[in-house]
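Novice: whatever this is, show me its structure:
(one chain, ligands or ions: 2)
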Amino acid sequence: MASPLRVLVTGAAGQIGYSLVLQIAKGDVFGKETPIVLVLLDIPPMAAVLEGVQFELTDCALANLTGVEAVTNEKDAFTNIDYAFLVGAMPRKEGMERKDLLAANVRIFKSQGAALAEFAKPTTKVIVVGNPANTNAFICAKYAAGKIPARNFSAMTRLDHNRASAQVAIKSGVTVGNVKNVIIWGNHSSTQFPDVSHAKVNKNGSEVDAVSAVGDSAWLQSGFISVRGVTVQKRGAVIIERRKLSSAMSAAKAACDHIHDWYKGTPAGSFVSMAVPSDGSYGIPEGLIFSFPVTISNGEWKIVQGLELNDFAKEKIAVTTKELLEERDEALAACGESKQ
Ligand SMILES: NC(=O)C1=CN([C@@H]2O[C@H](COP(=O)(O)OP(=O)(O)OC[C@H]3O[C@@H](n4cnc5c(N)ncnc54)[C@H](O)[C@@H]3O)[C@@H](O)[C@H]2O)C=CC1
Ligand SMILES: O=C([O-])CC(=O)C(=O)O
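Specialist: Numbers count the residues shown, from 1 in each chain. Ligands and ions are numbered 1, 2, ... in the order given. Predicted coordinates:
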């Protein structure tokens, strides 16, 4: 048997954690053939709950789950890990924006960035789920710099990508497996820009542009993006309003999709949305953790180049970029650093 991948889930006693750990353990991310050791981290007051999750995972009797470790300190959590799902952070409540969590959550990611640098493998790959996800990932990467390359850090916009794909499928009268190349640009926040102008729909066996498959351009420029919040941009807030808790099942599934594609690659001709450090593509300031369309091969992502952006798209991308720059400066200040 190959040596197992060590996979860390932080916030493993929380609601996303509860959905996520089973999907990883049963092979949805790294494949059913890949042995896994799951490392579950939460804060000391959650130790008993965490132990309950550990017992349940053992009781699932999964063939390739070779170990489950429940820990409450960063050294045990981060030592020698291959992948980190950084979920543990405070969720927002009704009426809040995700950036309202910045002051409370950013320090967690400063500390975990330093712990990654000290204890993890230099090849470790990281997805930040805890909100505000892009800015937390920026801070985490900053404090791991010198040990783990910035390109190993990402933030999750796959949930927004999945939400957008599902809406296009419903409007086009197909199942979601027939929709590809939707793009989420920018921040995982209400300024994100869900863009279908490069998306494709397989309708009755032939591939057509999503815009013509949907057949409602007015909806694509307004209702699809955010009609009283029920579709993409503000979907998270709508779920909180209905459930009184933020998305968990769909967030866990999206985190699995994100790491699955990073590990296995994207199919030829397809791209997915992933928030990664900007290299200046599309005029986005370098280093900002920004959601782009990416293709993935051999564990390396590449930002899709050369997509044409019309004035509507440029305007939306400028708004989300401005918000990310403001969040970055606020986060640096909260970490006691000067602005960039
Ligand atoms: N990027 C995205 O698309 C999404 C992000 N989220 C975010 O994910 C985060 C987690 O959400 P839920 O699981 O619903 O929250 P939750 O409150 O159910 O669970 C969070 C867990 O994290 C733990 N935690 C807090 N500080 C920690 C630390 N320093 N180290 C380890 N664990 C720690 C808590 O004790 C708790 O068990 C929130 O910030 C939420 O806003 C949620 C949905 C989608
Ligand atoms: O909206 C929230 O606070 C949770 C989240 O990030 C989402 O559901 O997209």
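Novice: longest single strand anywhere in the protein?
Specialist: The longest strand of the chain (DSSP state E) is strand 289-297.
Novice: list the buried residues for it?
Specialist: Under the neighbour-count criterion of 16 or more other Cβ atoms under 10 Å, strand 289-297 has 289, 290, 291, 292, 293, 294, 295, 296 buried. Every C-beta, even on glycine, is put in place using the N, C-alpha and C of the backbone.
Novice: same thing with stretch 36-46?
Specialist: Quick answer for stretch 36-46 (16+ other Cβ under 10 Å): 36, 37, 38, 39, 40, 41, 42, 46.
Novice: is any residue of the longest strand of the chain near ligand 1?
Specialist: No. Counting by Cβ under 6 Å from any ligand atom, ligand 1 has no neighbours in strand 289-297; the shortest distance is 10.3 Å.
Novice: and that strand, what does it pack against?
Specialist: helix 133-144, strand 153-155, strand 183-185, strand 272-277, strand 300-303, helix 311-334 (3 or more Cβ pairs under 8 Å, 6 or more residues apart in numbering; DSSP states H and E).
Novice: out of the ones you listed, nearest to ligand 1?
Specialist: Closest of the helices and strands packed on strand 289-297 to ligand 1 is helix 133-144, at 4.0 Å (criterion: Cβ to the nearest ligand atom).
Novice: now the closest one: mean pLDDT?
Specialist: Helix 133-144 carries an average pLDDT of 98.
Novice: for residue 135, give its distance to ligand 2.
Specialist: 13 Å (Cβ to the nearest ligand atom, to the nearest Å).
Novice: next one: residue 236
Specialist: 2 Å.
Novice: was I right to think that residue contacts residue 250?
Specialist: No. Checked against Cβ atoms under 8 Å, the pair residue 236 and residue 250 is beyond contact range at 9.5 Å.
Novice: now for the buried residues of strand 289-297, which pair is the farthest apart?
Specialist: Farthest apart among these by Cβ to Cβ are 289 and 295. That separation is 18.3 Å.
Novice: low-confidence ranges, the stretch 201-340 of the chain, go.
Specialist: The model of the stretch 201-340 of the chain has pLDDT under 70 over residues 226-231.
Novice: need the residues of the stretch 151-300 of the chain near ligand 1, please.
Specialist: So far as Cβ under 6 Å from any ligand atom goes, the stretch 151-300 of the chain lies against ligand 1 at 156, 159, 188, 246, 247, 248, 251.
Novice: what's the most distant pair in these?
Specialist: Maximum distance among those (Cβ to Cβ): 15.4 Å, for 188 and 248.
Novice: so these two - more neighbours on which side?
Specialist: residue 188 (29 against 19; other Cβ atoms under 10 Å).
Novice: what residues are up against that one?
Specialist: Applying Cβ atoms under 8 Å, 6 or more residues apart in numbering to residue 188 gives the contacts 98, 131, 132, 133, 134, 155, 156, 157, 159, 160, 275, 291.
Novice: try it again with 10 Å
Specialist: Each residue near residue 188 by Cβ atoms under 10 Å, 6 or more residues apart in numbering is listed here: 98, 128-129, 131-137, 155-160, 236, 273, 275, 289, 291, 320.
Novice: same deal with residue 267?
Specialist: 180, 261, 295, 296.
Novice: is stretch 290-309 in proximity to ligand 2?
Specialist: No. Judged by Cβ under 6 Å from any ligand atom, stretch 290-309 stays clear of ligand 2, getting no closer than 12.4 Å.
Novice: run the chain-centre distance for the longest strand of the chain.
Specialist: 11 Å (Cα atoms, centre = their mean, to the nearest Å).
Novice: got the angle for it vs helix 311-334?
Specialist: 110 degrees (axes from the mean of the first three to the mean of the last three Cα atoms, to 10 degrees).
Novice: okay, now residue 173: neighbour count?
Specialist: Count around residue 173 with other Cβ under 10 Å applied: 13.
Novice: about what we covered before: out of the buried residues of stretch 36-46, which is nearest to residue 199?
Specialist: residue 36 (33.2 Å).
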